[in-house]
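Enquirer: Show me how the following folds:
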Amino acid sequence: MGVQHIDVSATTTAPAAAVYALLRDGASWPGWSPLGSFELESPGEDGGESVGAVRVFRTGRTTSRERIVELVPDRRLSYVLLSGLAIKDYRADIDLTERPDGTTIRWHSSFRAKVPGMGGLYRRTLTKFIQQCADGLAQHAAARLTP
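Expert: Predicted coordinates for the structure are as follows:
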């Protein structure tokens with residue numbers, strides 16, 4: 001079973017700090033993504049949503065559990081999937097690159113399908129979902145700057 005890769009991006013007029021603040025706040029995700037709800041299952045090493053935190057997102061009948069594995073203030077949030085989808089070894093890195101006119105959001109991930117032959121289907125489905133997340137994050141961050 002081969003490794004599948006997803007790489008999407010979006011741009012926003014918001015500064016990287018504003019985008020990063022939304023990424024760090026799991027409770028904000030249902031407001032700008034297709035996710036239905038958020039719960040902090042366990043805090044991270046430094047409390048709250050720090051490295052090691054386990055976040056639970058529910059959408060319809062799907063519940064995914066994710067652990068934050070890397071945080072670089074205003075530049076990167078990375079997480080791994082612990083359970084919830086028929087994939088394994090899932091890791092996502094959300095990189096923020098600030099530019100004079102805003103921020104580029106690059107959301108890239110890799111995984112393996114648990115079921116042989118299903119990697120392509122999961123990649124196509126997740127690519128669409130993650131693009132919606134990146135676009136929603138970009139739009140929401142920009143809208144928060146507008147009085």
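
Enquirer: who are the neighbours in contact with Ile105?
Expert: 9-12, 19, 94-96, 134, 137-138 (CB atoms under 8 Å, 6 or more residues apart in numbering). Yep, even glycine has a C-beta here, placed from its N, CA and C like the rest.

Enquirer: Any chance of a ChimeraX selection covering the buried ones in the residues you listed?
Expert: Only the buried members of the contacts of Ile105 end up in this ChimeraX selection, burial being decided by 16 or more other CB atoms under 10 Å:
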select :10,11,12,19,94,95,96,134,137,138
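
Enquirer: In the chain, what residue spans correspond to strands?
Expert: Listed in chain order, the strands of the chain (DSSP state E) span 4-12, 37-42, 54-59, 62-72, 76-83, 87-99, 102-113.

Enquirer: buried stuff in the third one?
Expert: Using 16+ other CB under 10 Å as the burial criterion, the residues of strand 54-59 that qualify are 54-57.

Enquirer: same for it, what does it pack against?
Expert: In terms of contacts (3 or more CB pairs under 8 Å, 6 or more residues apart in numbering; DSSP states H and E), strand 54-59 is packed against strand 37-42, strand 62-72.

Enquirer: Ok, which of the ones you listed comes nearest Leu126?
Expert: strand 62-72 (11.0 Å; CB to CB).

Enquirer: Put the alpha carbons of the closest one into CSV.
Expert: Taking C-alpha atoms only, strand 62-72 is exported to CSV below (Å, rounded to 0.1, in the frame of the first residue of the first chain):
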residue,chain,number,x,y,z
THR,A,62,-17.6,10.4,11.8
THR,A,63,-15.5,11.1,14.9
SER,A,64,-11.9,11.7,14.4
ARG,A,65,-9.3,12.0,17.2
GLU,A,66,-6.1,13.9,16.5
ARG,A,67,-3.0,14.7,18.5
ILE,A,68,-1.1,18.0,18.0
VAL,A,69,2.6,17.0,17.4
GLU,A,70,4.2,20.3,16.4
LEU,A,71,3.6,24.0,16.9
VAL,A,72,5.7,26.8,15.5
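
Enquirer: Kindly present the buried residues of strand 54-59 as CSV, with separate columns for distance to Val69 and pLDDT.
Expert: Output for these, formatted as CSV (distance: CB to CB, whole Å; pLDDT from 0 to 100):
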residue, distance to Val69, pLDDT
Val54, 11, 98
Arg55, 12, 98
Val56, 16, 98
Phe57, 16, 97
